[in-house]
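Visitor: need a 3D model of the sequence below.
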Amino acid sequence: MNRREIIKSMALIGAATYVSTSNAIGFGDMMKKGSSGGGSWKSIASAFGEAKANFLTELSIQSNITADIAEALDLQSEAAVMRAEAEKVDKEGDSLGAGDFGAIGDKSESTNKLISEKLSSADNLTDDQKSKLGDAAKQYVPSLLRGVLTGKALKDIISDASGMGTPGFSDGMAAVSAAKDIPVLAPAMVSFLVNSITTGKDLVTSMGSKGVATPEISSDDFADFV
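Guide: So this is what the prediction gives:
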């Protein structure tokens, strides 16, 4: 097994362990079948709940990783901003809305732009910087791969929900809530993931060009998503 395959395996194992396996339609099933399960509002609501939880997990992880990278490049104030965003996600979690995702995305984009400029202009990174950036990259790539899985699941959920009509009383309150949230939250989450994956790939590649030891990235890993 080569290095890229090992990283992919780690990402899949990570995705499988941080999601619930107690529901009838689980995230593991989504990865195998390539869909949210469809069929009923109950199954769609269950799939959406898991996909959202996974998204929030990666949002926190990637915000902290961005902070680590910024800190390694002496962007202390930007690192503090991203750590604060990660803390907000951890504390408020499920109550966050599309506007919150957009705001975090804007701050991430601003920070990543400065990171990219720093990397581009750096003639030589210190050994300490290379070590810290390498550690961040080792966490970043598996998170990006898990983001692809979550993003694909969300796209399937959007598609399945669009043809379901309005849930009835017998579908339960979770289904009613999902029917209201999916059209607003799911596209916002997909958009965030597309942007974060695109930016993350570029940053890891840029770090590698500066002599940082980074996991190998292949466009095949992100096919059919970005």
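Visitor: need the contact list for the residue nearest to the spatial centre of the chain.
Guide: The residue lying closest to the centre of the chain (C-alpha atoms, centre = their mean) is residue 147, at 3.7 Å. Neighbouring residues of residue 147 by C-beta atoms under 8 Å, 6 or more residues apart in numbering: 58, 62, 193, 196-197. C-beta coordinates here come from the backbone N, C-alpha and C atoms, glycine included.
Visitor: what's the local residue count around the residue lying closest to it once chain neighbours are set aside?
Guide: Leaving aside its chain neighbours, residue 147 sits nearest to residue 193 (4.8 Å; criterion: C-beta to C-beta, 6 or more residues apart in numbering). Look at residue 193: counted by other C-beta atoms under 10 Å, it has 29 neighbours.
Visitor: quick check: residue 193 touching residue 151?
Guide: Yes - look at residue 193 against residue 151 with C-beta atoms under 8 Å: they come within range, at 4.1 Å.
Visitor: hey, what's in contact with both of the two?
Guide: In terms of C-beta under 8 Å, 6+ apart, residue 193 and residue 151 are both contacted by the residues residue 225.
Visitor: quick revisit: present the contacts of residue 147 as a markdown table; the columns should include pLDDT.
Guide: Shown next, in a markdown table, are the contacts of residue 147 (pLDDT from 0 to 100):
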| residue | pLDDT |
| --- | --- |
| 58 | 97 |
| 62 | 96 |
| 193 | 96 |
| 196 | 94 |
| 197 | 94 |
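Visitor: between those residues, which sits nearest residue 73?
Guide: Residue 73 has its nearest neighbour among those in residue 62, at 16.6 Å by C-beta to C-beta.
Visitor: how many neighbours does that closest one have?
Guide: Burial of residue 62 is recorded as 28 neighbouring residues (other C-beta under 10 Å).
Visitor: could you check how far it is from residue 219?
Guide: 20 Å (C-beta to C-beta, to the nearest Å).
Visitor: just how off-centre is the helix or strand residue 117 falls within within its chain?
Guide: Here residue 117 sits within helix 98-121, counting by DSSP states H and E. Distance of helix 98-121 from the chain centroid (C-alpha atoms, centre = their mean, to the nearest Å) equals 14 Å.
Visitor: same question for stretch 123-130.
Guide: Counting by C-alpha atoms, centre = their mean, stretch 123-130 comes out at 27 Å from the chain centroid.
Visitor: ok, and for that stretch, which residues are buried?
Guide: Within stretch 123-130, the residues scored as buried using 16 or more other C-beta atoms under 10 Å are 125, 129-130.
Visitor: first vs last residue of it, how far apart are they?
Guide: 13 Å (C-alpha to C-alpha, to the nearest Å).
Visitor: ok, residues contacting it?
Guide: 72-73, 133, 210-213.
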